[in-house]
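S.K.: I would like to see how this sequence folds:
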Amino acid sequence: MKTRPGSFLRSTALAAALGIAASIPAAAQISDDVVRLGLLLDLNGPYSDASGQGAIEAARMAIEDFGGAVLGKKIDLLVADHQNKADLASALAREWIDTKQLDAILDTNGTAPALAVQELARQRNFVAIFTSAAALRLTNESCAPTTIHYAYDTYAQSRTTAEALVREGYDTWYFIALDSAFGVEIVRDASEVVEQLGGKVLGVVKHPLATTDYSSFLLAAQSSGAKVIGVGNAGNNTIDLIKNAREFGITGRQQIATLYALINTPHAIGLEAAQGMVVTEAFYWDLDDETRAWSKRFFERRKAMPNAAQASVYSAAMHYLKAVEAAGTDETTAVMKKMRETPVQDFFARNGKIREDGRMVHDMYFLEVKSPAESKGPWDIYKLRATIPGDKAFLPLEKSRCPLVKK
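M.R.: All right, here's what the predicted structure looks like:
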């Protein structure tokens, strides 16, 4: 993204003239002597638990683990609250580019803010990674050559959950979803697989972001007689909806399928109300020794276990910094090339790979919330029901509408 200052070119010419060196050290390729990473987050609203302070901590951990510098130059972290406003997210990113020479944004949560930042990344040629935004269009219709969708998306989460349940006989569905592009995508993707497998969608109702009372929506879902209530929202919206469902006595009678959720959701609801709820996630802290080791470090700092969005911020930061180091520069095209050709191999993703549409493909996990009797502690939330290989979980390239994909 950045252009090297004139002093760099003058220094190069002088060195060549004097015969001082045959080449410029890699460190000199960092345009303004600082690699700047950014996080554009909801820090106080309905999605603040999904990434928020935990995402900031994960990014700090990555910078510390990398040694605080890359190619001998300092790594800086910029953070701002976009208040779930697309225009504010775009304005903040533009300010960082113009005044602080931003290199990469590691996350922009929320569909509308993420899409706004993606368009700016296309125009201004900087790296933008999306670790908590879930809209499929980030790697589909709106894909850009300098952006990466890292952790999960509506296709992988909703379709995997819907397919698993329909195959178990839960073949009639009623959806309660957020009235947004995110909600539309979740309902579309889940409905498609339900109907492909011979199931039926009995109804769909949408609600605004600020909703706290879901009684009318739940009564409609209950009266429909659907075997599954598909929940297509996120953050505090999901928490409030599940709590309302418990109050109405719905949980236990109809299967609640959260088509987008992070571990914060069942933890906030409590196992008594959330038990039996199923979800597809990109990460769970208790999967294996590697996930437990990193998550323990995170817990010591945050007093909470990390969710998939937060863990993926660490992974994305490390992958980006390794690419800068390997490329010997912070120039966007060179760094993106390294990121695409290098597998993601860490506690978050095994043999992950970044496709031409920007999708980072990795395994996903179909999980069920434990009962209070099954749980051994406050964060012992899930039991693993299935591991879904990345090439099965995410949208196949042949179905992509991304213009970067060669057919």
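
S.K.: flag the shaky bits of the chain, pLDDT-wise.
M.R.: Low-confidence segments of the chain (pLDDT under 70): 1-28, 251-252.

S.K.: how is it divided into domains?
M.R.: According to the domain assignment given by automatic domain parsing, the chain is divided into the following structural domains: 6-152+288-358, 155-281+364-391.

S.K.: and the helices in the stretch 1-150 of the chain, which stretches?
M.R.: Along the stretch 1-150 of the chain, counting by DSSP state H, counting those that start in this stretch, helices occupy 6-18, 52-65, 86-100, 111-124.

S.K.: mean neighbour count and distance to Ile354 added to those, as TSV?
M.R.: Glycine gets a C-beta too; all of them are placed from N, C-alpha and C. TSV is the format used below for those (neighbours: other Cβ atoms under 10 Å; distance: least, Cβ to Cβ, whole Å):
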stretch	mean neighbour count	distance to Ile354
helix 6-18	11	29
helix 52-65	21	17
helix 86-100	17	21
helix 111-124	22	15
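
S.K.: now those as a markdown table including distance to Val231?
M.R.: As requested, the helices of the stretch 1-150 of the chain are arranged in a markdown table below (distance: least, Cβ to Cβ, whole Å):
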| stretch | distance to Val231 |
| --- | --- |
| helix 6-18 | 53 |
| helix 52-65 | 21 |
| helix 86-100 | 24 |
| helix 111-124 | 16 |
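
S.K.: between the ones you listed, which gets nearest to Asn236?
M.R.: Among these, helix 52-65 comes nearest to Asn236, with 11.7 Å by Cβ to Cβ.

S.K.: distance between the closest one and the chain's centre?
M.R.: Its chain's C-alpha centre and that of helix 52-65 lie 15 Å apart, by Cα atoms, centre = their mean, to the nearest Å.

S.K.: could you do stretch 184-192 as well?
M.R.: Centroid separation for stretch 184-192 versus its chain: 18 Å, with Cα atoms, centre = their mean.

S.K.: before we move on, back to that, could you dump the domains of the chain into TSV with distance to Pro403 added?
M.R.: Listed next are these as TSV, based on distance: least, Cβ to Cβ, whole Å:
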stretch	distance to Pro403
domain 6-152+288-358	7
domain 155-281+364-391	18
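
S.K.: quick one: which of these is nearest Val405?
M.R.: The closest of the domains of the chain to Val405 is domain 6-152+288-358. By Cβ to Cβ, the value is 5.3 Å.

S.K.: burial measure for Leu241, as a count.
M.R.: Residues near Leu241, counting by other Cβ atoms under 10 Å, number 25.

S.K.: begin at 44 from here
M.R.: Yes, from this point I'll number from 44; that puts the last item at Leu284.

S.K.: which residue, other than its chain neighbours, is closest to Ala263?
M.R.: In space, Ala263 comes closest to Val248 once its chain neighbours are excluded; the distance is 5.9 Å by Cβ to Cβ, 6 or more residues apart in numbering.

S.K.: neighbouring strands - and their directions - for the helix or strand harbouring the one you found?
M.R.: Of the helices and strands defined by DSSP states H and E, Val248 is found in strand 243-250. Sheet pairing here is set by DSSP bridges, and for strand 243-250 it gives strand 215-221 (parallel).

S.K.: right, and the helix or strand after the partner strand?
M.R.: The helix or strand immediately downstream of strand 215-221 is helix 224-239, counting by DSSP H and E.

S.K.: which elements pack onto that next one?
M.R.: In terms of contacts (3 or more Cβ pairs under 8 Å, 6 or more residues apart in numbering; DSSP states H and E), helix 224-239 is packed against helix 154-167, helix 197, helix 203-210, strand 215-221, strand 243-250, strand 271-275.

S.K.: what are the contacting residues of the last one?
M.R.: If I follow you right, that is strand 271-275. Strand 271-275 is touched from outside by 201, 205, 208, 213, 215-221, 225-226, 229-230, 233, 261, 264, 281, 284-285, 288, 293, 297-304, with contacts defined as Cβ atoms under 8 Å, 6 or more residues apart in numbering.

S.K.: quick one on the thing from earlier: and the strand holding Val248, what's buried?
M.R.: By 16 or more other Cβ atoms under 10 Å, the buried positions in strand 243-250 come out as Val244, Leu245, Val247, Val248, Lys249, His250.

S.K.: which elements pack onto whichever helix or strand comes after that strand?
M.R.: Once strand 243-250 ends, the next helix or strand along the chain (criterion: DSSP H and E) is helix 258-267. Taking 3+ Cβ pairs under 8 Å, 6+ apart as the contact definition, the neighbouring helices and strands of helix 258-267 are strand 215-221, strand 243-250, helix 278-290.

S.K.: contacts for helix 258-267 next, please.
M.R.: Outside helix 258-267, the residues touching it (Cβ under 8 Å, 6+ apart) are 217, 219, 245-246, 248, 250, 272, 284, 287-288, 291, 293, 296-297.

S.K.: can you do 6 Å?
M.R.: Tyr217, Ile219, Leu245, Gly246, Val248, Ile272, Asn287, Ala288, Phe291, Ile293 (Cβ atoms under 6 Å, 6 or more residues apart in numbering).

S.K.: please save the CA atoms from it in PDB.
M.R.: Taking C-alpha atoms only, helix 258-267 is exported to PDB below (Å, rounded to 0.1, in the frame of the first residue of the first chain):
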ATOM      1  CA  SER A 258     -41.900 -12.700  22.400                       C
ATOM      2  CA  SER A 259     -44.000 -12.100  19.300                       C
ATOM      3  CA  PHE A 260     -41.400 -13.700  17.000                       C
ATOM      4  CA  LEU A 261     -41.100 -16.800  19.200                       C
ATOM      5  CA  LEU A 262     -44.800 -17.200  19.500                       C
ATOM      6  CA  ALA A 263     -45.000 -17.300  15.700                       C
ATOM      7  CA  ALA A 264     -42.200 -19.800  15.600                       C
ATOM      8  CA  GLN A 265     -43.900 -21.900  18.300                       C
ATOM      9  CA  SER A 266     -47.300 -21.900  16.600                       C
ATOM     10  CA  SER A 267     -45.800 -22.900  13.300                       C
END
